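# sequence and predicted structure below; questions after.
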Amino acid sequence: MRRTLTVLLGGVLAAMGAAAQSHVGSQADWELRPRIEKVARNIGQLKPILDQIQPARWTVEGGSAAYQKQQKACVDGLGYVQNALARWAAQPDRLSLMLETLVRSASLSQQAISLSEGVRRYQNPAIAELLDSQLQSVANDLDWLGGLSLDLAVQREKELDVAQKEAQRCRTQILQSRPGKN
């Protein structure tokens with residue numbers, strides 16, 4: 001029984017390894033890390049811009065107090081994205097970390113776009129332009145990240161399919177080789 005499980009597990013692992021190596025679009029960790037670090041730098045450039053935004057002063061000019069919450073949410077969201085990026089850079093092959101980074105970055109971007117409108121109206125159009133410019137860079141990173149996430153998800157599905165087929169082949173082979181079965 002132990003030998004049977006060892007053969008079965010060995011076949012599955014070999015199939016998964018072959019599927020992973022045959023994927024043309026996959027990138028090695030050493031190829032992904034520099035791009036992840038570039039994304040982290042782009043995201044990090046939002047911090048000094050967000051620090052210049054002062055929505056507490058906008059209420060005097062008719063701005064909603066909700067902008068204060070939104071600005072805080074952007075600052076907090078930036079920290080969450082940076083944390084996700086750091087963890088993903090440490091383990092670039094983790095799809096869950098990649099997706100967390102994508103979701104958190106997209107959320108931050110949407111909040112910051114809305115905040116930019118308030119900055120333009122109640123504080124300083126030049127700061128809004130800086131924020132918009134940096135958000136465009138983040139949008140480019142989000143496009144790359146979305147494509148990469150999709151590619152990796154497709155790759156993992158193929159690996160799982162190959163592993164399941166190999167496991168079924170091994171189970172069938174084991175059942176056919178049992179004594180007394182003919």
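Looks like it arrived, so ask away.
# mind listing the helices for this structure?
Remark: helices assigned in the chain by DSSP state H are 2-22, 29-44, 46-52, 66-90, 95-122, 125-176.
# of all the ones you listed, which one is nearest residue 60?
Nearest to residue 60 among the helices of the chain is helix 95-122 (9.0 Å), distances taken as Cβ to Cβ. Where C-beta positions appear, they are placed from N, C-alpha and C, glycine not excepted.
# list the buried ones in the closest one?
Neighbour-count burial for helix 95-122, with 16 or more other Cβ atoms under 10 Å as criterion, is recorded at 97-102, 104-106, 108-109, 111-112, 115-116, 118-120, 122.
# what's around residue 160, how many residues?
Using other Cβ atoms under 10 Å, residue 160 has 12 other residues around it.
# if I look at it, what pLDDT would I see?
Here the pLDDT value assigned to residue 160 is 92.
# which non-adjacent residue is nearest the residue nearest to the spatial centre of the chain?
Centroid-nearest residue in the chain, with Cα atoms, centre = their mean: residue 98, separated by 2.6 Å. Spatial nearest neighbour of residue 98, chain neighbours left out: residue 149 (5.3 Å); criterion: Cβ to Cβ, 6 or more residues apart in numbering.
# is that neighbour in contact with residue 99, as I believe?
Yes. Look at residue 149 against residue 99 with Cβ atoms under 8 Å: they come within range, at 5.8 Å.
# and the gap between residue 163 and residue 157?
Residue 163 sits at a distance of 11 Å from residue 157 (criterion: Cβ to Cβ, to the nearest Å).
# and the gap between residue 162 and residue 170?
Taking Cβ to Cβ, one finds residue 162 at 12 Å from residue 170.
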